[in-house]
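Engineer: What follows is a predicted protein model with its sequence.
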Amino acid sequence: MSAETQNHECLCESCDTFDFTQLDKVLDEYRDLQGNLIIILQEAQEIYGYLPREVIKHISEETGYTEAKIYGVATFYAQFRLQPIGKYLIMLCKGTACHVSGADRVEEAIVNELEISDGETTEDRLFTLNNVACLGCCSLAPVMMVKTDEGEETYGKLTPESVIAIINSIRKKEDLEA
């Protein structure tokens, strides 16, 4: 999420107040474009970091697409998120090379350390774990990429011990910045 995104994102679970200013500009731009739903959802996710229920409802009201249709598209494509993600998105490769090189043991270490499973976010919203089919770094297997607003970093030749050290170094960095 960009700093701009964070200004419009509501992080509380029960909040009904969203700023639709940016979203309305997107809706105005793509309203008459045939097949516009995917691009509208991509832009909405860029603005809010995910697709909150309130945003889907607003898109439905403004476009005439039913909420069921919007949810159908949003849940069909893996690029869309219906829940907020953590500041650090851990994408763990589960491709063949990573699988045979121990990605399952690395995943088990991440799951135990963060107390989350694939697709979940830590309670402090610092980390989200997403297993991915391939990161294209087979020579580094097992590999993960950690994405933030500032960019992404790839870590290879992972072991359960090294992945815990990486997580702890991120936590330490966050404590220093706090």
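Structural biologist: Sure, I can see it.
Engineer: From now on I want contacts and neighbour counts done on CA atoms only, so please keep to that.
Structural biologist: OK.
Engineer: count of neighbours near the closest residue to residue 51 other than its chain neighbours?
Structural biologist: Leaving aside its chain neighbours, residue 51 sits nearest to residue 82 (4.9 Å; criterion: C-alpha to C-alpha, 6 or more residues apart in numbering). Using other C-alpha atoms under 10 Å, residue 82 has 15 neighbouring residues.
Engineer: go on, residue 128?
Structural biologist: A total of 24 residues lie near residue 128 under the criterion other C-alpha under 10 Å.
Engineer: Show me where this structure has its helices.
Structural biologist: 3-8, 21-30, 37-48, 53-63, 67-76, 96-100, 103-114, 160-177 (DSSP state H).
Engineer: gap between the closest residue to residue 138 other than its chain neighbours and residue 165?
Structural biologist: Excluding its sequence neighbours, the residue lying closest to residue 138 (C-alpha to C-alpha, 6+ apart) is residue 97, at 5.8 Å. Distance of residue 97 to residue 165, computed by C-alpha to C-alpha, to the nearest Å: 23 Å.
Engineer: Which one of the two is surrounded by more residues?
Structural biologist: residue 97 (19 against 12).
Engineer: Nothing else from me, thank you.
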